[in-house]
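S.K.: This is the structure alone, sequence omitted:
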């Protein structure tokens, strides 16, 4: 029977042919009985053998059991005038493939699309139905932006039908030679190999779709089909965050897990996948609202400071900076960018650090003779390399070094250039040369004895090597010079915590903004809460940080989460989280994450990895013997001879540094230290 627009099949009027494929033609049709529009899929004539039809109907009935708002509903399986067809829900809209070809999908919408697809997969899998051909062309977006997944199980029906088309006999295990289920670009490795697939194959295909949503192209795109199949079987795709740096690291991890070659290493259920995406969406939504408020507040503050320039001494540091820049004749536009950049740089998180870099690049373009602009840019690059982007360390180090040299050519007294050179030295790759770093900071203080930044940075080195009196003196002096010196206040909090004054440390941590260096400051804030016995408040603080800063979740917070899981007896979670923490090597402050791993392994009763990571944490970057000597979290290790030997090595290094570093920076005269008498832990 020839089908044309206007043909009537029983109670269905064919309106328009909308597609053709291996499963025959797809028509838009009108159901005259129920007064609704349907999609009508016609089985091609060469697949009309009796056994083929029985198998086709059996498979189709399993698909018809699905009832989910994100799955296109299969209404009926019918035969009229020797035409075999299915009727399905008609969806007005565009395919995801069409949408991606025409527009960039925002992150929030991308996550919602992913959640809806995963929700549909989870429901189908619960009913024993595997899609086998998930791809952007099989996902519809309605006019209301709702997701509808098409063609569940039809790739399998097509394969079964094709395998018996010539003989009229098929079985569920039969296959056509060279006939693969699905679309090559989105196939799982087991599909590409022609092996048996289960629901985890859909998880891989979903990962390919999500990868394309994030980056604009499928993960294994190649010039030819054989090359693409080979890539699916053997190659690791380029990480999502490299292809699109605006994608959160946590979303990149979800995609990477979906695309694991081994099905056992993927998400084991689409429901777990959906829940991870939903959690990420919530965290990004909260963080986005907070970031917008923060940007608006900072823009307003910057405008007020500029408007008040010359009339109001807005704070000691701001007045000094303004007068300095006025005296040196810096162009006003460059001055404005510089002052805005310093407010972002002070926050010490990845987003604000990047904003500071952008503003400082603008400052030196506007005024290439602006020495402090070049110095601050060098310091911003150094901070990114050490604290936030070790994968770009080589590139950022080159940029920072060049900017520092330019600053010192223009003005040999540029404080920020010396600070940048110091931090570029103080890295895991360089084995933390404490003396050389302090020598750079000494040069900065010689250039400007009243530099709050230089005093704060000196305090950081002294705190890490257990020279607590020197650290307190420099941190206190920095706070005197600039009450908003957040890095100095963080070092003061560290010293108090590490010398067993947790209650006083807690007061200092609470003075820090929540978005200041969230992983390092936040993890130690939680440490202080645990030290004073406030476990519930520690959990609440951790959860707030995870909600607000998920996209910037660092290794230290993963380490804290691992320890809390170990305390609660959740061994598997503790092992997984400590693995996450220890995977992020290269950061300047990775030793803190390693130390939380020591706590975790000690709590789990695993002394060997605990002692190994203790050495990694303490030597050479953090030989803080006064802390390790009395930290109760190490008590389970103290009877072990291997730990005693490791602690002895740390003590020798600490004692050596006390001698070597004494006098590298002249003592701070009368810093007016706050009352740091010993209080309760």
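M.R.: Yep, it's here. The structure presented is a predicted model; accordingly, all values stated were derived computationally and were not measured.

S.K.: Report the helix or strand with the lowest average pLDDT across this protein.
M.R.: The weakest-scoring helix or strand in the chain, judged by mean pLDDT, DSSP states H and E, is helix 316-327 (a mean of 50).

S.K.: Could you point out the helix or strand that follows that helix?
M.R.: Using DSSP states H and E, the helix or strand that directly follows helix 316-327 along the chain is helix 332-345.

S.K.: What residues of that next one count as buried?
M.R.: By neighbour count with 16 or more other C-beta atoms under 10 Å, helix 332-345 contains the buried residues 334-345. C-beta coordinates here come from the backbone N, C-alpha and C atoms, glycine included.

S.K.: Point out the other helices and strands that that helix packs with.
M.R.: Under the contact criterion of 3 or more C-beta pairs under 8 Å, 6 or more residues apart in numbering; DSSP states H and E, helix 332-345 touches helix 270-307, helix 316-327, helix 350-366, helix 371-383.

S.K.: rank those by pLDDT, which is bottom?
M.R.: The weakest mean pLDDT among these belongs to helix 316-327, with a mean of 50.

S.K.: what sits against the residue nearest to residue 60 when sequence neighbours are not counted?
M.R.: Beyond its immediate neighbours in the sequence, the residue positioned closest to residue 60 (C-beta to C-beta, 6 or more residues apart in numbering) is residue 77, lying 5.1 Å away. The contact partners of residue 77, taken as C-beta atoms under 8 Å, 6 or more residues apart in numbering, are 57, 60-61, 64, 84-86.

S.K.: try it again with 10 Å
M.R.: 41, 43, 53, 56-58, 60-61, 63-64, 84-87 (C-beta atoms under 10 Å, 6 or more residues apart in numbering).

S.K.: which one among those gets closest to residue 237?
M.R.: Distances from the contacts of residue 77 to residue 237 were compared by C-beta to C-beta; the smallest belongs to residue 63, at 30.5 Å.

S.K.: Need the pLDDT of that closest one.
M.R.: Confidence at residue 63, expressed as pLDDT, is 77.

S.K.: on that earlier part again, give me the subset of the contacts of residue 77 that lies in helices.
M.R.: Among these, the residues falling in helices (DSSP state H) are 53, 56-58, 60-61, 63-64.

S.K.: just to revisit the earlier point, quick check on the residue nearest to residue 60: phi, psi?
M.R.: Recorded main-chain torsions at residue 77 are phi -120, psi 120, according to degrees, to the nearest 10.

S.K.: Walk me through the domains of this protein.
M.R.: When the chain is parsed with automatic domain parsing, its domains come out as 8-89, 93-284, 308-416, 436-444+454-681.

S.K.: Adding distance to residue 426, write the ones you listed out as TSV.
M.R.: Compiled in TSV, these are given as follows (distance: least, C-beta to C-beta, whole Å):
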stretch	distance to residue 426
domain 8-89	51
domain 93-284	24
domain 308-416	7
domain 436-444+454-681	4
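
S.K.: Out of those, which gets nearest to residue 425?
M.R.: Closest to residue 425 of those, according to C-beta to C-beta: domain 436-444+454-681, at 5.0 Å.

S.K.: Output the longest strand belonging to this protein.
M.R.: When secondary structure is assigned using DSSP state E, the longest strand within the chain turns out to be strand 12-21.

S.K.: Now do the contacts for the residue lying farthest from the centre of the chain.
M.R.: Seen from the C-alpha centroid of the chain, the residue lying at the greatest distance (C-alpha atoms, centre = their mean) is residue 81, 57.4 Å away. With contacts defined as C-beta under 10 Å, 6+ apart, residue 81 is in contact with 1, 7-10.

S.K.: one step back: just send the buried residues of helix 332-345 back as CSV, with distance to residue 216 and pLDDT too.
M.R.: Supplementary listing: these in CSV, determined by distance: C-beta to C-beta, whole Å; pLDDT from 0 to 100:
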residue, distance to residue 216, pLDDT
334, 36, 91
335, 39, 90
336, 36, 90
337, 32, 92
338, 36, 94
339, 37, 91
340, 32, 91
341, 31, 93
342, 36, 91
343, 34, 87
344, 29, 89
345, 32, 92
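
S.K.: any idea how far the most centrally placed residue in the chain is from residue 555?
M.R.: Central residue of the chain (C-alpha atoms, centre = their mean): residue 249, 2.1 Å from the mean position. Relative to residue 555, residue 249 is positioned 11 Å away (criterion: C-beta to C-beta, to the nearest Å).

S.K.: And for residue 347?
M.R.: Residue 347 sits 19 Å away from residue 555 when distances are taken as C-beta to C-beta.

S.K.: Could you check which of these two is surrounded by more residues?
M.R.: When neighbours are counted by other C-beta atoms under 10 Å, residue 347 and residue 555 differ, and residue 555 comes out ahead with 25 against 19.

S.K.: still on that earlier bit, what two of the contacts of residue 81 have the greatest distance between them?
M.R.: Longest distance between any two of the contacts of residue 81 is 11.8 Å, between 1 and 10; criterion C-beta to C-beta.

S.K.: Now do the shared contacts for the two.
M.R.: Counting by C-beta under 10 Å, 6+ apart, the residues touching both residue 1 and residue 10 are 80-81, 83.

S.K.: Adding pLDDT and distance to residue 455, write those residues out as CSV.
M.R.: Rendered in CSV, the data for the shared contacts of residue 1 and residue 10 read as follows (pLDDT from 0 to 100; distance: C-beta to C-beta, whole Å):
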residue, pLDDT, distance to residue 455
80, 91, 87
81, 86, 90
83, 88, 85
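
S.K.: returning to that earlier point: give the bridge partners for the residue nearest to residue 60, please.
M.R.: Beta-bridge pairing of residue 77, defined through DSSP bridges, involves residue 86.

S.K.: All set, thanks.
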